[in-house]
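# Got a sequence here, can you model it:
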Amino acid sequence: RDLFAHIGRLPFAEVDRFGTATLLSRTTADVNQIQSAVNLVLRLFLRSPFIVFGAMIMAFTVSPRAATTFIGTIPALSVVVFGVMLISIPMQRRVQARLDRVLGLTRENLTGARVVRAFAREDASAGEFAAENAELTRLQRFTGRFTALLNPVTYVIINLSVLLIVWLGGVQVNVGNLQTGDVIALYNYMSQILIELIKMANFIILITKACASAGRINNIFDTPASLPTRSAEAAESTDEKVAFRCVSLLYHQGAEQALRNVSLSAAPGEVIGIIGGTGSGKSSLVNLIPRFYDVTEGAVLVDGIDVRDYENLDELRRKIGIVPQKAELFAGTVRENLLFGNENADDAALMEALTAAQAADFVLAKEGGLDAVVEQRGRNLSGGQKQRLSIARALVRRPEILILDDSASALDYATDAALRHALAHLDYHPTVFIVSQRTASIREADRILVLEDGGAVGLGTHAELLQSCDIYREIHESQFGKEAKA
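You can find the predicted model right below:
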């Protein structure tokens, strides 16, 4: 539970660094390994120490010399056990890292199953999986064979010591120092100790796996669950709702800059369109507003406060309604998905948001209406329906800042136009950022920012950009033809 909650609070940059498959593996396979080890610890340590110490005390009462001989095997056992642990833990980490890759490949092929089949790549995908799985199997076999040596080596050491004790007991019987019954009792005591030590050897094998898993889980817990905040500064007196000041963004060292020296301001209630080619930095720019990522250079201000100065990110994000590029819905009902935006919203508010998002008709047409079932990831809905529900979820919040990140890409032009008209006539006036690849979706915006390779190459109205920005004009003409009028 704590691990899941911590992952839910991780910055997006850290989630990207770990990878979804790794996080999934650590919250399932690694946690299960630790649970198994803990369960075995509870069972063993409630009885094994008492049996070992009790049997050892009784052995000393029978023959101190024989018992001391048996204790002499403990250093040899310790060397074997800790030697296996030191070598096994790194090996287990390699196995788990390879398991992450297999899980990632499995997830990728399952989510992309339609594409795989459409291009008749089933055999290629199966071959790629087989290669990864074969390497995982090889590592698991090698690790398993090595750790499996612990049991027979333990048996050999302990049984040799038992034979030595029986021989010593026989000698003592011959000289009259011990009775035959004493030797039998001594053998029984040592057998009890033997059984418990073998259990401990099996426990050590499980512990090596659990230690590797614990290290991977602690690696997540050691990652700060929130972005660092700076010493709070007083809010600037400004008419700007959102301001980007010479913003640059680098996702990780060695990568190309996603944004380069971008500046933009948006007043309360202003509609800003953002357009550009694939990979131009459109989504990267708007993702800086809710502080999904931190700028490398420059600053992003909301209400005159640098987003890095908000002590509580929830305070910042409560002002924002965001509709991501990929519409994400959760298993449940339409109502439950909409209440993600505002859990206190009543049915009237939900219907108002659905109407504005052009989703009311298809929701009411479904059996149950607001209580209609939504399958996991919205599998029972079309792409356009999922996008409209995502927009409605953001509108339920009645945000001060509304971010539509290419959220109308699956809508036809008529529905897109109706949506834009509804947004322009809301009974409140959020600052709106519309990211789109279609000029039709942003042509009515108060201002339009044109991005290319992470840099701003144009800013103005639709008409102004047709005259002054070659890239914007090329995008517009590619969609409407060279004869298109402003």
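# Please state the offset of stretch 108-121 from the chain centre?
Centroid displacement of stretch 108-121 relative to its chain, using Cα atoms, centre = their mean, to the nearest Å, is 23 Å.
# ends of it, how far apart?
One end of stretch 108-121 sits 13 Å from the other (Cα to Cα, to the nearest Å).
# remind me which residues of this protein are low pLDDT?
12, 111, 114, 118-119, 201, 225-238, 254, 482-486 (pLDDT under 70).
# how many other residues sit next to the residue lying closest to residue 370 once chain neighbours are set aside?
Excluding its sequence neighbours, the residue lying closest to residue 370 (Cβ to Cβ, 6 or more residues apart in numbering) is residue 335, at 4.3 Å. Where you see a C-beta, it was placed from the backbone N, CA and C, and this is true even at glycine. By the criterion of other Cβ atoms under 10 Å, residue 335 has 17 neighbours.
# What of residue 51?
15.
# show me what contacts it?
192, 193, 196 (Cβ atoms under 8 Å, 6 or more residues apart in numbering).
# How about the secondary structure of it?
Following DSSP: H, G, I helix; E, B strand; the rest coil, residue 51 is assigned to helix.
# follow-up on the earlier one: in what helix or strand does the residue nearest to residue 370 lie?
Assessed by DSSP states H and E, residue 335 sits inside helix 334-338.
# go on, residue 322?
Assigned by DSSP H and E, residue 322 falls within strand 320-323.
# next one: residue 362
Per DSSP H and E, residue 362 falls inside helix 360-365.
# With just CA atoms, put that helix into PDB.
Provided in PDB are the C-alpha atoms of helix 360-365 (Å, rounded to 0.1, in the frame of the first residue of the first chain):
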ATOM      1  CA  ALA A 360     -24.400  14.300 -23.100                       C
ATOM      2  CA  ASP A 361     -26.300  12.700 -26.100                       C
ATOM      3  CA  PHE A 362     -24.300   9.500 -26.200                       C
ATOM      4  CA  VAL A 363     -24.100   9.200 -22.400                       C
ATOM      5  CA  LEU A 364     -27.900   9.500 -22.000                       C
ATOM      6  CA  ALA A 365     -28.400   7.100 -24.900                       C
END
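# Work out the sheet partners of whichever helix or strand comes after it and label each with its direction, please.
Using DSSP H and E, the helix or strand that directly follows helix 360-365 along the chain is strand 373-374. Strand 373-374 sits in its sheet next to strand 332-333 (antiparallel), going by DSSP bridges.
# What lies in contact with the strand it pairs with?
For strand 332-333, contacts defined as Cβ under 8 Å, 6+ apart pick out 368, 370, 371, 372, 373, 374.
# Closest one of the residues you listed to residue 92?
Proximity to residue 92 was ranked across the contacts of strand 332-333 by Cβ to Cβ; first place goes to residue 374, at 40.0 Å.
# Excluding chain neighbours, what is closest to residue 142?
With sequence-adjacent residues excluded and distances taken as Cβ to Cβ, 6+ apart, residue 142 is closest to residue 91, at 7.3 Å.
# I figured the one you found was touching residue 144, is that so?
No - contact criterion Cβ atoms under 8 Å: residue 91 and residue 144 do not qualify, at 9.6 Å.
# More neighbours: these two, which one.
More neighbours surround residue 91 than the other of residue 91 and residue 144, with 19 against 13 (other Cβ under 10 Å).
# Residue 154 versus that one, what's the distance?
19 Å (Cβ to Cβ, to the nearest Å).
# same check, this time on residue 275
Between residue 275 and residue 154 the distance is 69 Å, computed by Cβ to Cβ.
# more neighbours, these two?
residue 275 (29 against 23).
# Next, the contact list for that one, please.
Counting by Cβ under 8 Å, 6+ apart, residue 275 has contacts 282, 435, 436, 437, 439, 442, 448, 449, 450, 451, 472, 475.
# mind running it again at 6 Å?
Neighbour list for residue 275: 442, 450 [criterion: Cβ atoms under 6 Å, 6 or more residues apart in numbering].
# start the count at 134, not 1, going forward
Noted, 134 is the first residue going forward, which turns the last one into residue 408.
# Please settle this for me: is it part of a strand?
Yes - under three-state DSSP, residue 408 sits within a strand.
# Tell me the bridge partners for it.
Residue 408 has these beta-bridge partners by DSSP bridges: residue 583.
# how much space between it and residue 222?
Distance from residue 408 to residue 222, by Cβ to Cβ: 52 Å.
# Which parts of this protein are strands?
Remark: strands assigned in the chain by DSSP state E are 375-382, 392-399, 404-409, 430-435, 438-439, 453-456, 465-466, 506-507, 534-538, 564-568, 580-585, 588-593.
# so what secondary structure elements neighbour the lengthiest helix in the chain?
The helix spanning the most residues in the chain, taking DSSP state H as the definition, is helix 313-354. Secondary structure elements in contact with helix 313-354, counted by 3 or more Cβ pairs under 6 Å, 6 or more residues apart in numbering; DSSP states H and E, are helix 164-178, helix 181-195, helix 206-244, helix 283-307.
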